[in-house]
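Undergrad: Pasting the sequence and the predicted model now:
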Amino acid sequence: MQMRYRIEDIKKRINELAGGMEQITVMEVCGTHTANIHKYGIQELLPDNIRLVSGPGCPVCVTDHKDIAAALSLVDQENVVFACFGDMMRVPCGDRSLYSLYESGKDVRVVTSAMDALQIARDNPDRQTVYFGIGFETTAPQTAALIEAADECGIRNLSVLSAHKTMPQAIRQLLGNGSGIDALMCPGHVATIIGAEAFDFVADELKLPAAVAGFEAYDIMAALLCILNMLKNGELKCVNMYPRAVTRHGNKEALSLLYKVFEPCDAVWRGLGEIGGSGLGIKSQYKYFDAMHRFDIRPADIKEAAGCICASILCGKSMPTDCVNFGRGCTPDRPLGPCMVSAEGSCAAYYKL
Amino acid sequence: MEKKITLAHGSGGQAYRELVQEVFLPAFSNDILQPLTDSAVCNAGEKIAMTTDSYVIKPLFFPGGDIGRLCVSGTVNDLAVSGACPKYISVGMIIEAGFDMETLVRIVESIAMTAKEAGVCVVTGDTKVVEGGGVDGIYINTAGVGVFSDARPPLAQRIAVGDRIIISGYMASHGMAIMAARENMGFTPPIKSDVTPLAALADRVLQSGCVVNAMRDPTRGGVAAALCEWVTGDTDIVIYEDLLPVRPDVSAACEILGMDPLYIANEGIMLLSVPERFAHNVLAALHSENAGKNAVVIGEVKKGCGNVYAVTKYGTSRKIMMPRGVLLPRIC
């Protein structure tokens, strides 16, 4: 009961502040923010002149074709057990996906933790276990822990296909001049690892107000109110609106482990192209555990489906309804592009409206 | 008795007869089954309900139940929600050679116990054995027959504008219990499935004198699928999220895995669409049985155009769609 009244208060305050303001566009870059904004109907609580836009925050959506093709070619190999998170299973790459290979009898296993892959490797000593490392700084430390544990335990039949990415460089590229975005809702889960201070650059360099936000309806609304206050007053700051989980400096142990095993590298983001320093590559002392080194991977060159504008939607430049395929050739049943596959993808979320 | 199932047990010969005499008959004993004729000869009146389901669940034993309890409950519940009185079931098994006999006995005993609880007789059955790797352990098919009478005709199974949507108990328990067991999630205490036969619960409602327009057991696809199947071109169904009953442990598991309880399978609850003037008495009838003690109204049927939507506790709304594909846990 109390929470409902507090949201009513925030809604009222937002409406009061926004009255008389121009069109405001706020981007979020976190798949869980996308999912929860739709789950709670947040846009319905906001006045017409505030638009929420989803950026490339869904790790499934931004995984490049080449990485998925590499994954598929690994699954094709004899003697491989392939472990990955559930949301990667249905991402299409040409006319195949990890799920279609699973259905045809290949050994693809959904795990809910990177460490599950270690147990799989232990249980299958005569086979090669490959773990698909997907996600941002939230999940990458798990993969680092997996590699460190495999190294310490002498597990030789495990390797990692890393498609991990980091947020800050992508945000810089996305929200440079002329982006049309007025403020950024910063990803709360990533911030638990890298700290609120990692997003100061949004205000300092990109000159946009920003708020680190949590995931309950109250958190999202409170962050929006904070952003609106800053826009009204011309303030340029990044405010931590998720202090119960996010500290200024983040999780030092997780970061230390992450950069013990990984180092920044260039990475290709589906929809954004190559972004320097935005990937996480396995360091040379752990190269034994890099699947790209251990296997001879020859991924097929797959093109995007004709008419697919996931690239533009991922940047918040287009809406799902702008795509010719939306709801016609591309549906949650038969997704053509990543934005429709993932439950957190903009198109999948939009389809439900 | 042998320790393992062999191909001989499925061949209709001596080994098969020993299996029937030593395992199935003692568990399922009743006058209809006893003669072991090719067909069961039963009294069923003029109009019957008939249903069938196959059970391939893994793991075979899970917190709250097992494949034996499930294969009876699932079929009994399909009959119960049609308005019929469940009476007879068949049990057909396909077993992998090498299957442990003790495990089979456990499953058979569970079938017997659940059948007794549900008030049904196992009147006929079949057993096939296939080579190792042919099936994964054991698959079971059950078919069931239920009877109607003048006093208990089939339900219309059509929702009407103004109806209240009632759920008989907590949602999403079975699906999350199975997922947790399958993935070795190690929740403590483990999440328990709700698998239960609902014949007695349905009986209470149907004997109460109340009109019930439709009843459903929301198994795969969850409550969402059932509501999407119910809605018609001239109705909308609205449900209220803060009224949906979900156990705290199930709710927490759903949050961790990024699942929506509305889409998760149930095996021990039913949904009812009831004219508003009967809702109170239907709830009272449900509350009078243990299986229905947590029954609540969760929504209503309005004039509309075929949408199902949920109103959040913030007053906003989101569309509920027919579930698509297999539900997979989310990453972050």
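TA: Perfect, thanks for sending it.
Undergrad: part of a strand, is B:R152?
TA: No: assignment of B:R152 by DSSP: H, G, I helix; E, B strand; the rest coil gives coil, placing it outside any strand.
Undergrad: Please report the distance of the residue of chain A found nearest chain B from B:D260.
TA: In chain A, the residue found nearest to chain B is A:G41; the distance is 2.5 Å by CB to the nearest CB. C-betas here are computed from N, CA, C, even on glycine. As for A:G41, its distance to B:D260 is 14 Å (criterion: CB to CB, to the nearest Å).
Undergrad: Just give the closest residue to the residue of chain A closest to chain B, not the sequence neighbours.
TA: In space, not counting the residues next to it along the chain, A:G41 is nearest to B:T316; the distance is 2.5 Å by CB to CB, 6 or more residues apart in numbering or on different chains.
Undergrad: wait, the one you found sits on A:Y40?
TA: Yes: counting by CB atoms under 8 Å, B:T316 touches A:Y40, with 6.3 Å between them.
Undergrad: ok, these two, which is more surrounded?
TA: A:Y40 (23 against 19; other CB atoms under 10 Å in any protein chain shown).
Undergrad: residue contacts, that one?
TA: A:Y40 sits next to A:A217, A:I220, B:T312, B:Y314, B:T316 when contact means CB atoms under 8 Å, 6 or more residues apart in numbering or on different chains.
Undergrad: Identify the residues contacting the second one.
TA: Going back to what we said before, that points to A:I220. If you count contacts by CB under 8 Å, 6+ apart, then A:I220 has A:H33, A:N36, A:I37, A:Y40, A:I42, A:M185, A:A213, A:G214 around it.
Undergrad: Which ones among those residues lie within strands?
TA: A:M185, A:A213 (DSSP state E).
Undergrad: picking up where we left off before, pick out the lowest-pLDDT one from the contacts of A:Y40.
TA: The member of those with the lowest model confidence is B:Y314, at 90 (criterion: pLDDT).
Undergrad: of all the contacts of A:I220, which two lie farthest apart?
TA: Pairwise distances among the contacts of A:I220 were taken by CB to CB; the largest, 13.8 Å, belongs to A:Y40 and A:M185.
Undergrad: So what pairs up with the closest residue to A:S346 other than its chain neighbours in the strands?
TA: The shortest distance from A:S346 to any non-neighbouring residue, by CB to CB, 6+ apart, is to A:S54 (4.5 Å). On the basis of DSSP bridges, A:S54 is bridged to A:E28.
Undergrad: Could you tell me how many residues sit around A:S54?
TA: Other residues within reach of A:S54, judged by other CB under 10 Å, total 30.
Undergrad: what about it, distance to A:A267?
TA: 20 Å.
Undergrad: How far away from the center of its chain is the strand or helix carrying A:K12?
TA: A:K12 belongs to helix A:2-18 when assigned by DSSP states H and E. Once both centres are worked out by CA atoms, centre = their mean, to the nearest Å, helix A:2-18 turns out to sit 29 Å from its chain's centre.
Undergrad: what mean pLDDT does it have?
TA: Confidence over helix A:2-18, taken as the mean pLDDT, stands at 85.
Undergrad: cool, stretch B:121-132 as well?
TA: Rounded mean pLDDT across stretch B:121-132 is 92.
Undergrad: and A:L52, what helix or strand is that in?
TA: Here A:L52 is covered by strand A:50-54, with elements defined by DSSP H and E.
Undergrad: What sits closest to B:A118 if chain neighbours are left out?
TA: Using CB to CB, 6+ apart, the nearest residue to B:A118 is B:P197, at 3.5 Å.
Undergrad: for that neighbour, what are its contacts?
TA: B:P197 makes contacts with B:V72, B:S73, B:V76, B:N77, B:A80, B:P86, B:T114, B:E117, B:A118, B:V120, as judged by CB under 8 Å, 6+ apart.
Undergrad: who touches the third one in this structure?
TA: Read it as B:V76. B:P86, B:I89, B:A118, B:V120, B:G144, B:P197, B:L198, B:A199.
Undergrad: Mind doing that once more with 7 Å?
TA: By CB atoms under 7 Å, 6 or more residues apart in numbering or on different chains, the residues touching B:V76 are B:P86, B:A118, B:V120, B:G144, B:P197, B:A199.
Undergrad: between the helix holding A:K12 and strand A:50-54, what angle do the directions make?
TA: 110 degrees (axes from the mean of the first three to the mean of the last three CA atoms, to 10 degrees).
Undergrad: Pull the host helix or strand of B:T127 out as CSV, backbone CA atoms only.
TA: Taking DSSP H and E as the criterion, B:T127 maps to strand B:121-130. Extracted as CSV, the C-alpha positions of strand B:121-130 are listed here (Å, rounded to 0.1, in the frame of the first residue of the first chain):
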residue,chain,number,x,y,z
CYS,B,121,-9.8,-47.1,-10.4
VAL,B,122,-7.0,-48.2,-12.7
VAL,B,123,-9.0,-50.6,-14.9
THR,B,124,-6.7,-51.5,-17.7
GLY,B,125,-3.1,-51.0,-18.7
ASP,B,126,-0.3,-51.9,-21.0
THR,B,127,3.5,-52.3,-20.7
LYS,B,128,6.0,-52.1,-23.5
VAL,B,129,9.8,-52.4,-23.0
VAL,B,130,12.2,-50.9,-25.5
